[in-house]
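S.K.: Give me a 3D structure for the following:
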Amino acid sequence: MSVKIFAMTHKRFDVPANPMYVPLHVGHKQAKEDFGYLGDDTGDNISDLNCYYAELSGVYWVWKNYHDADYVGICHYRRYLTSEEGFVFSERQYEEILSRYDIITTKQLELPNSYHYGFGAHHRVETLDETGRIILEKYPEYYDTFIDLVHKNKTYFGNIMVAKKALFDEYVQWLFSIFFELQKRIDLTFEDDYHKRVFGFISEFLLYVWVTVRKLKAYECRVAIIGEKMETREIKDKMAEYFAAKDVSGAKEYFARCLKIRPDVLMEASDITGECKLCLQAVSTASLELEKNGVCFLDIRKEYQEIISFFRQLNGIVQKVIRGDIQSIAQDKVWLKQERVSDIALLAAIRIYATNEEESTQAATLLDICTE
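M.R.: Presented below is the predicted three-dimensional model:
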């Protein structure tokens, strides 16, 4: 047996030394830079549609053009399937697992609401509904499961999987027969590049539907995220510049633009250190402090890491108080006074972490005592 896993990328990255992993540059046909990786624009390909299909242009390429391994898989340049202990699998481990399971993929992602609700909150929900109608027309045996699962709160994510090449091909043929029809029926004009990747988003859920209907034995794994997205690094560097210049309005406008273009920057997979969320909290706090008092925390601290550390410490204190853990309250009180933490900063942090009005009131009362 042999296993090849294609690491989908649109950026230069540290390629794993294991030859089982093959970097595949998706959207290579339209790329501004060639990284020297295998591209998705040879043979039968849809590289020029990468803006709509994301990593699926690479999935299509593997389906149509690669036939030299018994098992094939898909991962991302930053995301790899791992054991429960967090170790990336070897080829021998993949072979052993696949001797007992039909497919290896991610653990099911649990959503706060139904998949249908969540999709509609970020994308045109009629696109998802049209997908269902196409499934009813082309694959009616899948329709009831699609309807059932789309109104539940679980899905796979990332189009990350490993399976026998024959099974992989069956899935991809099924998937693209749906999407090529969907492509004919929907408006392909979108407000930004993020929302253009509509087929990539829906396919994550369709893998879950396909595995469920086929009653496949799935080995569901953790996903390790390695390194930080370039876009995330750029945001943090830019925010550091705004903080140093005490340009609160500029920082606020910049972050709003970033969220409009890339609403995923605050998701855990992008913001792996949580610093983007802290930057947003910092900007909101500074803006409110200036509006009320004419001064803000940036008058006493402007260095990026100092600001991040300040908000991490503040949030940690607020979370402890909400949990009722007040053993270190005397020490926390000293810190809050030394750092001249404003009531605005405290209340903003409470609003982030309190889950109900009672928690919010209790935390505000206790922290008010701390800052007297």
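S.K.: make it CA atoms for all contacts and neighbour counts henceforth
M.R.: OK.
S.K.: What are the boundaries of the strands in the protein?
M.R.: Remark: strands of the chain, listed N- to C-terminal, are 3-9, 21-25, 38-39, 71-76, 79-82, 103-106, 109-110, 154-155, 161-164, 218-225; assignment by DSSP state E.
S.K.: Can you give the distance of the fifth one from its chain's centre?
M.R.: Averaging C-alpha positions (Cα atoms, centre = their mean, to the nearest Å) puts strand 79-82 14 Å from its chain's average.
S.K.: how many neighbours does residue 197 have?
M.R.: The number of residues packed near residue 197 is 19, by other Cα atoms under 10 Å.
S.K.: so can I have JSON lines of the strands of the chain showing mean pLDDT?
M.R.: Written out in JSON lines, the entries for the strands of the chain read as follows (pLDDT from 0 to 100):
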{"stretch": "strand 3-9", "mean pLDDT": "97"}
{"stretch": "strand 21-25", "mean pLDDT": "97"}
{"stretch": "strand 38-39", "mean pLDDT": "97"}
{"stretch": "strand 71-76", "mean pLDDT": "96"}
{"stretch": "strand 79-82", "mean pLDDT": "92"}
{"stretch": "strand 103-106", "mean pLDDT": "97"}
{"stretch": "strand 109-110", "mean pLDDT": "90"}
{"stretch": "strand 154-155", "mean pLDDT": "95"}
{"stretch": "strand 161-164", "mean pLDDT": "98"}
{"stretch": "strand 218-225", "mean pLDDT": "92"}
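S.K.: Of all those, which one is nearest residue 239?
M.R.: Residue 239 lies closest, by Cα to Cα, to one member of those: strand 218-225, at 23.3 Å.
S.K.: Strand partners (parallel or antiparallel) of the closest one?
M.R.: In the sheet containing strand 218-225, the strands it pairs with under DSSP bridges are strand 79-82 (antiparallel), strand 103-106 (parallel).
S.K.: now it against strand 71-76, angle please.
M.R.: Computed with axes from the mean of the first three to the mean of the last three Cα atoms, to 10 degrees, the direction of strand 218-225 lies at 40 degrees from that of strand 71-76.
S.K.: just to revisit the earlier point, tell me which of the strands of the chain approaches residue 144 most closely.
M.R.: Among the strands of the chain, strand 154-155 comes nearest to residue 144, with 15.9 Å by Cα to Cα.
S.K.: Give me the contact list for the closest one.
M.R.: Surrounding strand 154-155, the residues in contact under the criterion Cα atoms under 8 Å, 6 or more residues apart in numbering are 108, 109, 110, 111, 114, 115, 204, 205, 208.
S.K.: and these, which are buried?
M.R.: Buried subset of the contacts of strand 154-155 (neighbour count, 16 or more other Cα atoms under 10 Å): 114, 115, 204, 205, 208.
S.K.: Please verify my assumption that the third one contacts residue 159.
M.R.: Which is residue 204. Yes: with contacts counted by Cα atoms under 8 Å, residue 204 reaches residue 159, the gap being 5.3 Å.
S.K.: quick revisit: of the contacts of strand 154-155, just say which sits nearest to residue 6.
M.R.: Taking Cα to Cα as the measure, residue 204 is the one of those closest to residue 6, at 16.9 Å.
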